[in-house]
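K.L.:
just to be clear, the model below is a prediction. Sequence and coordinates:
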Protein chains: 2
Amino acid sequence: MARIVMKFGGSSVATAERMVKVAQRVAKTRAEGHQVAVVVSAMGDTTDDLIALAKQVNERPPARELDMLLSTGEQVSIAVLTMALQGLGVPATSLTGGQAGFRVEQVFGKARILEVRPDRVDALLRDGHVAVVAGFQGVTDDGEIATLGRGGSDTTAVALAAALKADVCEIYTDVDGVYTTDPRIVKEAAKIPEISYDEMLELANLGAVVLHPRAVEYAKLYRVPLVVRSSFHDGPGTWVKEDANVEQGQVVRGIAHDLNVAKVSLVGVPNRRDSLGRVFHALAEENVNVDIIVQSIVHNDVHDISFTVCRDDLPVTLRVLEDLRVELGAGEIVAEEELAKISIVGAGMISNPGVAARMFDALIEAGLSIRMVSTSEIKVSCVVDARDVKRAVQVLHQAFELSASAEEKVNPVKA
Amino acid sequence: MARIVMKFGGSSVATAERMVKVAQRVAKTRAEGHQVAVVVSAMGDTTDDLIALAKQVNERPPARELDMLLSTGEQVSIAVLTMALQGLGVPATSLTGGQAGFRVEQVFGKARILEVRPDRVDALLRDGHVAVVAGFQGVTDDGEIATLGRGGSDTTAVALAAALKADVCEIYTDVDGVYTTDPRIVKEAAKIPEISYDEMLELANLGAVVLHPRAVEYAKLYRVPLVVRSSFHDGPGTWVKEDANVEQGQVVRGIAHDLNVAKVSLVGVPNRRDSLGRVFHALAEENVNVDIIVQSIVHNDVHDISFTVCRDDLPVTLRVLEDLRVELGAGEIVAEEELAKISIVGAGMISNPGVAARMFDALIEAGLSIRMVSTSEIKVSCVVDARDVKRAVQVLHQAFELSASAEEKVNPVKA
């Protein structure tokens, strides 16, 4: 007997029919003798619909009230799923975030979890009940309802699994696992059977949206084994855990790409010790997330500063830089939008020198130009022209022999 | 400056547009210098839609989970109305039933209010905030969400007004007050300017659905002045209070009718002291509400027992009686469905003998047959054939000069 947390996303519970399917799946797991807690998101597009409703009465809905509103989405889901389970004869009890013991910060719209008090869920599981817990939400010490923001339901599931000392946290989604790259770009993309937290974190941060990075971080912190599986059919999925097998000959686990990249350069910045700091402090104050940063060497007492940001952040970035340009006595500002970032990720890189070189060689041989480079211990990222991204992914997938290394051929399942 | 509780029903907040209208109305009341708490129901058909969703996954949704589900309807409303108020520059805070201090019994689907702890609402009002409270719900001592059942939002508003020691509880609805009778039947029906709690209770219990009887009882108990007004236009509405002016020459305040009436007779019951008690105990155990009861005089050691029930309760009533018939050694069971109850209500009856006689005369002169009669201090009810109900209402409205006595001609406003 194991203790299992199962998490189902919005598309898995989008309709009454799918709710019943999810209930059947949960019932099956319980019938196998396991203790089961379930975390669900809001049904289908509920959250978007509620946001649209809010905007009809207030263009900038206040955060506390938006949380009051959005938290109903998950509350509907837990009630309906619990009814469906009881309809199958499975004893089940729904719990809001607060009832399930989720104490959170009073930061509406992006509260962090302070503590999970699992007593009630634990008692339900010991009594043979399925506990159905609302994802994405918690209660502050003042009794306020606050939501966790993006990736909240994944994080809820992982945090609950940690608090319950669950054996595994199963994330059910509309794909059947984590792939070596986007199967829409490389049809030979293979499902990865096992991956480490760090590798998953890099892939998640780089735009492989199967799992939210925040949930992966939480899982890594509390050593919660995760498995990403399809909610629509059986299959082993992808295991995310600390000791993922890296001894399979391949140093690169997967390839991610991100088309939401803009590059900004501040040219001819007079050489002052604080210029770099001032630029990035000013951007941080405006909540602009800067990714890759390149500073040219000083030449004639001036240098250039280049960096990438999300394309959405480009307007605010340019506004901030324009003020700084005058202050710093810099030359012009150059912005480029049609860029993409392509990254190879693998824990094996640390002990395999020359991986970055192989990446550059492959891209250059294919005739692509590399605009910027960034590396970490388990990742190498290159900025390339957006129009080259598909070809770059294909070239790298082949160069690092990712198709051959995987045990399963791709079988992308979409809802 | 007064302290006011304003309650808006589902049709008043059915759309984003109407939410904004309600917000404007609340803002206007606050701008007049009053402290305002608002109670809202779920938007439009939300509750029905949620019940339909529940039935898709479970034909008999469990009560606890149904409350978990339905309570989201009001939670959506409070968030949206609060956003709309803030959009108008009005400081406002939404509160779930639990947050607003509603402690209720743990009886899902029909919890009674145990206590209202108004501290938080009180503090908000003193700070100049509008407190927007979810109707129909509360929290049990175990932290469970339970709904109050039918009429719950009216009751929430009255209970909140009582706890806050508010000067008035304003019930906004899709009609502009309480009428002498149903304006669809008598086009001369007039709006009643003032009515006592007891009269309103009788009318409410008799099917004038403007105000739920439970809310009126609560208002009477705590002496909360109520006013029923239209949410769509201004107007004085109908005041419901203890000392409603009864000295206006008319002894009858209003006429109600109820088409949901079935009559059941148990014929030839052998004369035993406990037979009547056994019949009505058995029906009470099955939650059948018995209304008018008539026992014939004993004749040849047997008597007949006749009574009325809601038409919905007829099948269970017949089942109970069939068992008893054998036990009691009675003769046959006779059921009639096509009946209606028509009632005249007025506190002035107590001091005006002959009101019942005037009623019977008017009905008989019109050629209608009276099947059963029941009286209380402020009410006389007659059971008539269902096909006669419209004519009966018209005849009585004229006989008691209700059109002439009212200050306003009918102006029925429907959403």
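P.N.:
Cool, the structure landed.
K.L.:
what strands line up against the strand of greatest length in chain A, and which way round?
P.N.:
Longest strand in chain A, counting residues (DSSP state E): strand A:254-270. Note on strand A:254-270: by DSSP bridges, its sheet partners are strand A:302-310 (antiparallel), strand A:333-345 (antiparallel).
K.L.:
output the ones you listed as a markdown table; include the columns mean pLDDT.
P.N.:
Shown next, in a markdown table, are the strands paired with strand A:254-270 (pLDDT from 0 to 100):
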| stretch | mean pLDDT |
| --- | --- |
| strand A:302-310 | 90 |
| strand A:333-345 | 93 |
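K.L.:
so which helix or strand takes in the closest residue to A:Ala134 other than its chain neighbours?
P.N.:
Nearest residue to A:Ala134, sequence neighbours excluded (C-beta to C-beta, 6 or more residues apart in numbering or on different chains): A:Glu74, at 3.7 Å. Where you see a C-beta, it was placed from the backbone N, CA and C, and this is true even at glycine. If you go by DSSP states H and E, A:Glu74 is part of helix A:63-87.
K.L.:
now do the buried residues in that helix.
P.N.:
A:64-87 (16 or more other C-beta atoms under 10 Å in any protein chain shown).
K.L.:
same question for stretch A:98-109.
P.N.:
A:Gly98, A:Gln99, A:Ala100, A:Gly101, A:Phe102, A:Arg103, A:Val104, A:Phe108, A:Gly109.
K.L.:
surely the third one forms part of a helix?
P.N.:
Same thing as A:Ala100. No: per DSSP: H, G, I helix; E, B strand; the rest coil, A:Ala100 lies outside any helix segment and is coil.
K.L.:
mind listing what it touches?
P.N.:
A:Val116, A:Pro118, A:Arg120, A:Val121, A:Ala131, A:Val133, A:Ala134, A:Leu160 (C-beta atoms under 8 Å, 6 or more residues apart in numbering or on different chains).
K.L.:
try 10 Å this time
P.N.:
A:37, A:39, A:78, A:94, A:116-121, A:124, A:131-135, A:137-139, A:156, A:159-160, A:163 (C-beta atoms under 10 Å, 6 or more residues apart in numbering or on different chains).
K.L.:
among the residues you listed, the buried ones, what's the ChimeraX command?
P.N.:
The ChimeraX selection below is limited to those of these classed as buried (16+ other C-beta under 10 Å):
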select /A:37,39,78,94,116,118,120,121,124,131,132,133,134,135,137,138,139,156,159,160,163
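K.L.:
okay, and which of the contacts of A:Ala100 map to helices?
P.N.:
Members of the contacts of A:Ala100 lying in helices (criterion: DSSP state H): A:Ile78, A:Asp119, A:Arg120, A:Val121, A:Leu124, A:Thr156, A:Ala159, A:Leu160, A:Ala163.
K.L.:
now, which of the residues you listed sits nearest B:Leu363?
P.N.:
A:Ile78 (55.1 Å; C-beta to C-beta).
K.L.:
tell me the pLDDT at that closest one?
P.N.:
For A:Ile78, the pLDDT comes out at 98.
K.L.:
surely it and B:Arg64 touch.
P.N.:
No: the criterion here is C-beta atoms under 10 Å, and A:Ile78 misses it with B:Arg64 at 11.4 Å.
K.L.:
need the overlap of contacts for those two.
P.N.:
A:Thr93, A:Ser94.
K.L.:
mind checking the SS state of A:Val294?
P.N.:
strand.
K.L.:
partners of it in the sheet?
P.N.:
Applying DSSP bridges, one finds that A:Val294 bridges with A:Ser306.
K.L.:
A:Val383: helix or strand, and which one exactly?
P.N.:
Using DSSP H and E, A:Val383 falls in strand A:379-385.
K.L.:
which elements pack onto that strand?
P.N.:
Applying 3 or more C-beta pairs under 10 Å, 6 or more residues apart in numbering or on different chains; DSSP states H and E, one finds that strand A:379-385 contacts helix A:197-205, strand A:254-270, strand A:290-295, strand A:302-310, strand A:333-345, helix A:355-365, strand A:372-376, helix A:389-399.
K.L.:
need the contact list for A:Arg311.
P.N.:
A:Asp258, A:Leu259, A:Asn260, A:Val261, A:Ala262, A:Glu337, A:Glu338, A:Leu339, A:Ala386.
K.L.:
ok, 7 Å please
P.N.:
By C-beta atoms under 7 Å, 6 or more residues apart in numbering or on different chains, the contact set of A:Arg311 is A:Asn260, A:Val261, A:Ala262, A:Glu337.
K.L.:
in the sheet, who's paired with the third one?
P.N.:
It refers to A:Ala262. Beta-bridge partners of A:Ala262, as defined by DSSP bridges: A:Val309.
K.L.:
I'd assumed A:Val309 was in contact with it.
P.N.:
Yes: taking C-beta atoms under 7 Å as the definition, A:Ala262 is a contact partner of A:Val309 at 5.6 Å.
K.L.:
near chain B, which residues of the stretch 1-150 of chain A?
P.N.:
A:16, A:19-20, A:53-54, A:56-58, A:61-62, A:65, A:68-69, A:72, A:75-76, A:78-80, A:82-84, A:86-87, A:94, A:99, A:143 (C-beta under 7 Å from any C-beta of the partner chain).
K.L.:
neighbours around A:Asp198, how many?
P.N.:
Residues near A:Asp198, counting by other C-beta atoms under 10 Å in any protein chain shown, number 20.
K.L.:
and the closest residue to A:Gly254 other than its chain neighbours, what does it touch?
P.N.:
Nearest residue to A:Gly254, sequence neighbours excluded (C-beta to C-beta, 6+ apart): A:Thr180, at 4.8 Å. A:Thr180 makes contact with A:Ala189, A:Ala190, A:Ile192, A:Gly254, A:Ile255, A:His397, A:Leu402, A:Ala406, according to C-beta under 7 Å, 6+ apart.
K.L.:
got the confidence number for the fourth one?
P.N.:
Among the per-residue scores, A:Gly254 holds a pLDDT of 91.
K.L.:
on that earlier part again, show the buried residues in the contacts of A:Arg311.
P.N.:
A:Val261, A:Ala262.
K.L.:
which helix or which strand is home to A:Pro236?
P.N.:
Per DSSP H and E, there is no helix or strand for A:Pro236.
K.L.:
from B:Ser12, how far off is the closest residue to it other than its chain neighbours?
P.N.:
In this structure, A:Pro236 finds its nearest non-sequential neighbour in A:Pro193, 6.9 Å apart by C-beta to C-beta, 6+ apart. Look at A:Pro193 and B:Ser12: by C-beta to C-beta, to the nearest Å, they are 57 Å apart.
K.L.:
circling back to that earlier point, winner for burial among the helices and strands packed on strand A:379-385?
P.N.:
Here the criterion is mean neighbour count by mean count of other C-beta atoms under 10 Å in any protein chain shown, and of the helices and strands packed on strand A:379-385 the winner is helix A:197-205, at a mean of 25.
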